[in-house]
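J.: model the following, please.
(4 chains)
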2 protein chains.
Amino acid sequence: MSTRAERFSAFRRALKDKGLKSTAQRDDIAHVFFGSQRHLSIDELYREVRKLNPRVGYATVYRTIKLLKECGLADEQHFADGQTRYESAKGDDHHHDHILCDRCGKIVEFADDDLERLQEEIATRLGFVLARHRMELYGICRECREGVRTPSAEATAARNRS
Amino acid sequence: MSTRAERFSAFRRALKDKGLKSTAQRDDIAHVFFGSQRHLSIDELYREVRKLNPRVGYATVYRTIKLLKECGLADEQHFADGQTRYESAKGDDHHHDHILCDRCGKIVEFADDDLERLQEEIATRLGFVLARHRMELYGICRECREGVRTPSAEATAARNRS
DNA sequence: GTCAGTGCAAAAGATTTGCATGCGA
DNA sequence: TCGCATGCAAATCTTTTGCACTGAC
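T.: Okay, the predicted model is just below:
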């Protein structure tokens, strides 16, 4: 897993390689995006970026996220709530899946080798050569079951309610 | 797995229980929906229903699919292509996942007990009580790899291209 | 100076909703 | 008859695009 600075450099390098320009907007969007631990929606990303630099338009956020996707630096996720979210890519060798809390909206990442193997096996059995997969588990997390309301869980729940 | 007629009756019963009316449009939409083996998009469903009864509006298809969801008779799927698709629900005791061919778009359903168990185990390990999950595998099917172009694969590929 | 990048507003695509009319119970 | 259901069009919501202007190289 690379640092924010490393990802930022990788983005700038990718832009240069493609003959594209570095701009204040792209820098600001990338900075916010790489700095977030969460799975951001476009709107959340836009709002965060605007705090840093109000001279950024919605369209530019869309255009920049698309660029980040093309560079392999952002992964797009379509969870069950219908919202499209983006996360900072972990790299090819760091595949992971997600488990989401139905109550507070918390998203936890995990990786499991047995699961990967089993998926290969199922695909083979069905005559497919597996290219990729997507798995999401949904349930209730321990904090929500125990009625503990941590600040971060509260914030996440509030975001989900809005 | 119930028959088309059984599902149709279940829908009429559910409507009656909710104090809602049976109408020609609802009947026609349900008939087409329960009769399809495929994972239909709203647009595909609309077109099919129009062949049967041109006096059906787009909005009614949306409203009826929403009703079917509420009755537990339709499952909504968001696959990676971004299109929202619906399938006739198999019932709580018939959970299944999907594997999709990246080339011809074919969608194959499967169920695997080991997979279900492993998911439970992962959720428990992470402190979650699992409610449901979603898994999709993507790859290339045998027919596409072997260059065989079956009529159904051709039809599916054509639909995907359009 | 050149041309890609940007903001804005308009467009496009998917889904929902308001409203007058239609029709099932 | 009464009120839910429908069709249509308009409204939303999300994402993309056209265009004139700005700014990076």
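J.: so for the longest helix along chain A, what's the average pLDDT?
T.: When chain A is parsed with DSSP state H, its longest helix is helix A:4-18. What helix A:4-18 shows for mean pLDDT is 94.
J.: just the residues contacting it, thanks.
T.: Residues outside helix A:4-18 that contact it (Cβ atoms under 8 Å, 6 or more residues apart in numbering or on different chains) are A:2, A:21-22, A:26-27, A:30-31, A:34-35, A:67-68, A:71, A:73, A:88. To be clear about C-beta, it is placed using only N, CA and C from the backbone, and glycine gets the same treatment.
J.: show me the two of the residues you listed that sit farthest apart.
T.: Using Cβ to Cβ, the contacts of helix A:4-18 reach their maximum pairwise distance at A:2 and A:21, which is 23.2 Å.
J.: neighbour-wise, which of these two wins?
T.: The residue with more neighbours, out of residue A:2 and residue A:21, is residue A:2; 16 against 8, by other Cβ atoms under 10 Å in any protein chain shown.
J.: wasn't that one part of a strand?
T.: No. Read with DSSP: H, G, I helix; E, B strand; the rest coil, residue A:2 is coil and lies in no strand.
J.: related to what we said a few turns ago, and the next helix or strand after the longest helix of chain A, what does it pack onto?
T.: Scanning forward in sequence from helix A:4-18 by DSSP states H and E, the next helix or strand is helix A:24-35. Under the contact definition 3 or more Cβ pairs under 8 Å, 6 or more residues apart in numbering or on different chains; DSSP states H and E, helix A:24-35 sits against helix A:4-18, helix A:42-52, helix A:58-70, strand A:84-88.
J.: apply 6 Å and report the result again.
T.: Using 3 or more Cβ pairs under 6 Å, 6 or more residues apart in numbering or on different chains; DSSP states H and E, the elements in contact with helix A:24-35 are helix A:4-18, helix A:42-52, helix A:58-70.
J.: so which bits of the longest helix of chain A are buried?
T.: Judged by neighbour count (16 or more other Cβ atoms under 10 Å in any protein chain shown), helix A:4-18 contains these buried residues: A:7-8, A:10-11, A:14-15.
J.: can you tell if it touches DNA strand D?
T.: No. Residues of helix A:4-18 contacting DNA strand D under Cβ under 7 Å from any atom of the strand: none, with a closest distance of 7.6 Å.
J.: between that helix and helix A:58-70, how many degrees?
T.: Relative orientation of helix A:4-18 versus helix A:58-70 (axes from the mean of the first three to the mean of the last three Cα atoms, to 10 degrees): 90 degrees.
J.: may I have helix A:4-18 as CSV, with CA atoms only?
T.: C-alpha atoms of helix A:4-18 as CSV (Å, rounded to 0.1, in the frame of the first residue of the first chain):
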residue,chain,number,x,y,z
ARG,A,4,-0.6,9.6,-0.3
ALA,A,5,2.5,11.3,-1.6
GLU,A,6,3.5,8.3,-3.7
ARG,A,7,0.1,8.1,-5.3
PHE,A,8,0.1,11.8,-6.0
SER,A,9,3.5,11.5,-7.7
ALA,A,10,2.2,8.5,-9.7
PHE,A,11,-0.7,10.6,-10.9
ARG,A,12,1.5,13.5,-12.0
ARG,A,13,3.8,11.1,-13.8
ALA,A,14,0.8,9.4,-15.5
LEU,A,15,-0.4,12.8,-16.7
LYS,A,16,3.0,13.7,-18.1
ASP,A,17,3.3,10.3,-19.8
LYS,A,18,-0.1,10.9,-21.5
